[in-house]
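Peer 1: Generate coordinates for the sequence data below:
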Amino acid sequence: MNLRLIRAVLLVLTFGVFLSMAFPAPAYEATVVRVIDGDTILLDNGERVRYIGINTPEIHHPTRGKEPYGEAAKEANRRFVEGKTVRLEFDVQRRDKDGHLLAYVDVDGELINSALVREGYAEVATYPPNVRHQNEFLKLQREAREQQRGLWGDAEARRHYKPRGSGVVGRKSFSVYYHPQDPDLAGIPESDRVYFESVAEAQSAGYSASMGYGYYRNQEIKLLMGPPEERPAEEPKEASVESSTPGRDYSSPGQSTKGGGEVKVKGYYRKDGTYIRPHTRSAPKRK
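Peer 2: Down below sits the predicted model:
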């Protein structure tokens, strides 16, 4: 074998190794040996997998304890996957902060993440950058609520349920966080992004809400909570944001000055993330 051929072979092998490292396989198959809870499984290769985009009631939580419908969600997950060969599909972020795999779990062409939401055993829980199926999951949850499937047909579980806020995407150069559905994210390069699991985490890092955050969060809350007549008496703080158009400046209140000398101030967020509830005040005098 001449030197030129040897170099060519080495170049091909090196390039192949580079591609496998830079672009890992998008999916792989394994067998489920144990179902840990409604949204977590253990594979025969020792990997612990957390389902992307959903959350099921807890069975053994250090602070919340055992939540209503937790055992039912685990049993549903067991029926779907235990002892079966599953195909794992990954999103942008492949592992969580504990090193566990984050995946969409497929069994014979059925996405189990979707099935658990559709049947009412799981709620939507979005953590960017893994948001590929968020809109699908939100739609399925709304339908499950309307049909009172699973936990949505259980009075105790419905009283216990509170929609969880999505994770947010921070822009490093401006210390501002965005809702994962905000189209303005398309113009922010990956090198200028940082991902937070909650608004509280972003705010503790010194980030404040973007002008459009309240609008997109409000749209998500409407999908999560269903029609107003079905919502809990005490809605989450973020659910009260009122806006009909994106891009509104949430550093100043929305106002209505119809008639008389009073101004109806809608709920809004200050730049520091503090939520101001709706109220009425005297209108400023016109010059």
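
Peer 1: Stretch 108-125 spans what distance, first to last residue?
Peer 2: This stretch, stretch 108-125, spans 24 Å end to end (CA to CA, to the nearest Å).

Peer 1: again but with stretch 172-179, I slipped
Peer 2: By CA to CA, the extent of stretch 172-179 from end to end equals 15 Å.

Peer 1: Which pLDDT value goes with the closest residue to Ile54 other than its chain neighbours?
Peer 2: Leaving out its chain neighbours, the residue that sits closest to Ile54 by CB to CB, 6 or more residues apart in numbering is Ala122, at 4.1 Å. In short, each C-beta sits where N, CA and C put it, glycine included. We have a pLDDT of 93 for Ala122.

Peer 1: tally of neighbours for Ala122?
Peer 2: The number of residues packed near Ala122 is 31, by other CB atoms under 10 Å.

Peer 1: Then Ala200?
Peer 2: 12.

Peer 1: same check, this time on Pro183
Peer 2: By other CB under 10 Å, neighbour count at Pro183 equals 11.

Peer 1: What distance do you get for Arg142 to Ala115?
Peer 2: Computed as CB to CB, to the nearest Å, the Arg142 to Ala115 distance reads 16 Å.

Peer 1: coming back round to it: quick one: the residue nearest to Ile54 and Ala157, what's the gap?
Peer 2: On the measure of CB to CB, Ala122 and Ala157 end up 12 Å apart.

Peer 1: With Thr126 instead?
Peer 2: Taking CB to CB as the measure, Thr126 falls 21 Å from Ala157.

Peer 1: out of the two, which sits in the busier spot?
Peer 2: Each of Thr126 and Ala157 has its neighbours counted (other CB under 10 Å); Thr126 has more, 24 against 19.

Peer 1: and the closest residue to that one other than its chain neighbours, helix, strand or coil?
Peer 2: Counting by CB to CB, 6+ apart, Thr126 lies nearest to Ser166, which is 4.1 Å off, once chain neighbours are set aside. Secondary structure, DSSP: H, G, I helix; E, B strand; the rest coil: Ser166 is coil.

Peer 1: Ser166: what's it in contact with?
Peer 2: 125-128, 179-180, 217, 220 (CB atoms under 8 Å, 6 or more residues apart in numbering).

Peer 1: Mind doing that once more with 7 Å?
Peer 2: 126, 179-180, 220 (CB atoms under 7 Å, 6 or more residues apart in numbering).

Peer 1: repeat for Ala144
Peer 2: Contacts for Ala144 (CB under 7 Å, 6+ apart) come out as 117-120, 150, 152.

Peer 1: could you redo the last one with a cut-off of 10 Å?
Peer 2: Ala144 is in contact with 116-123, 150-153, 226, counting by CB atoms under 10 Å, 6 or more residues apart in numbering.

Peer 1: do Gln134 as well
Peer 2: Gln134 makes contacts with 52-53, 124-128, 166, 180-181, 220, 223, as judged by CB under 10 Å, 6+ apart.

Peer 1: Out of these, flag the one nearest to Leu101.
Peer 2: The shortest gap between Leu101 and any of the contacts of Gln134 belongs to Ile52, at 9.6 Å (CB to CB).

Peer 1: which residues do Ala122 and Ala157 both contact?
Peer 2: Residues touching both Ala122 and Ala157 comprise 57, 69, 73, 150-151, with contact defined as CB under 10 Å, 6+ apart.
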